[in-house]
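J.: Sequence first, predicted coordinates after that:
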Amino acid sequence: MQLSKRLQRIADYVCPGDRIIDVGTDHAYIPIWLLLNDIVAEATATDIRSGPLERARLDAEHYGVSSRLRLVQCDGLSLCTPESVDTIIMAGMGGETISGILTQAPWAKRKRLVLQPQTKQAELRAFLAGNGYTITDAALSYDTGRIYLIWLVTAGEMPPFPGVEDALLRHRDPLLQPFLEDQIKRMRKRLRGLESAVRPDETRVDALRGELSQLEEIYHEVIRWQA
């Protein structure tokens, strides 16, 4: 079984021996791969819909790991318990959905989280910072024509912006330049929107200008070490 580049990068964050929960699992490719490679001894896959869980059941039977994969139909982590997991994976869903799931399961703060927000990354980072989480590492993966951002999250104090980009810079991630170009483009668009408001929120405008300046500094540093 071979994972896509995105899923493989997510799976790489799982520590050997961990008990995992893959939330919104779809085909359960990540837990099945981890079980097949004896990285984990047991795993749980959840989804709010029955269709994905049926696909996951068939895949688990095909690869011979059914006895070690628990399938749960529930909303987020609502039918899961803290005692059953070390690492929680939430990938391929919006940042607002991830925030909602964590709000309903405050015990998740005691676990390692591997998050791959599909959208609303800035909003999710703000939620994490405001609720006692910190991003301890970050990685990028290019798959299906786009760059995906993956975070390793634990309890703690979030470093000031742009801590995540600093982590990627330390790794000298080869995807950091195009990732930053996209982030800077999006941030400039947001800034223009705030500045053109009838009554601009000067505090937010100033903060966004500062964030943009920091991102541009990191971008220029990336250009220097890639030269």
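T.: Here it is on my side, so go on.

J.: Give the burial count for Ser50, as a bare number.
T.: Residue crowding around Ser50 was assessed by other CB atoms under 10 Å; the count is 9. Where C-beta positions appear, they are placed from N, C-alpha and C, glycine not excepted.

J.: Tell me which other helices or strands the helix or strand bottoming out on mean pLDDT in the chain touches.
T.: The helix or strand of the chain with the poorest confidence is helix 163-170; it has a mean of 78 (mean pLDDT, DSSP states H and E). Applying 3 or more CB pairs under 8 Å, 6 or more residues apart in numbering; DSSP states H and E, one finds that helix 163-170 makes contact with strand 133-143, helix 176-195, helix 202-226.

J.: got the ones you listed as JSON lines, with mean neighbour count columns?
T.: What follows is the helices and strands packed on helix 163-170, written out as JSON lines (neighbours: other CB atoms under 10 Å):
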{"stretch": "strand 133-143", "mean neighbour count": "18"}
{"stretch": "helix 176-195", "mean neighbour count": "15"}
{"stretch": "helix 202-226", "mean neighbour count": "14"}
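
J.: Can you report how many residues lie near Leu35?
T.: Residues contacting Leu35 under the criterion other CB under 10 Å number 24.

J.: That one in helix, strand or coil?
T.: helix (DSSP: H, G, I helix; E, B strand; the rest coil).

J.: hmm, back to that, tilt between the least confident helix or strand of the chain and helix 176-195?
T.: Direction vectors for helix 163-170 and helix 176-195, defined by axes from the mean of the first three to the mean of the last three CA atoms, to 10 degrees, enclose an angle of 160 degrees.

J.: what residues does helix 163-170 touch?
T.: With contact meaning CB atoms under 8 Å, 6 or more residues apart in numbering, helix 163-170 is reached by 125, 135, 137-140, 149, 151, 159, 176, 179-180, 183, 214-215, 218, 221-222.

J.: can you do 10 Å?
T.: Residues outside helix 163-170 that contact it (CB atoms under 10 Å, 6 or more residues apart in numbering): 121, 125, 129, 134-140, 149, 151-152, 158-160, 162, 173, 175-176, 179-180, 183, 214-215, 217-219, 221-222, 225.
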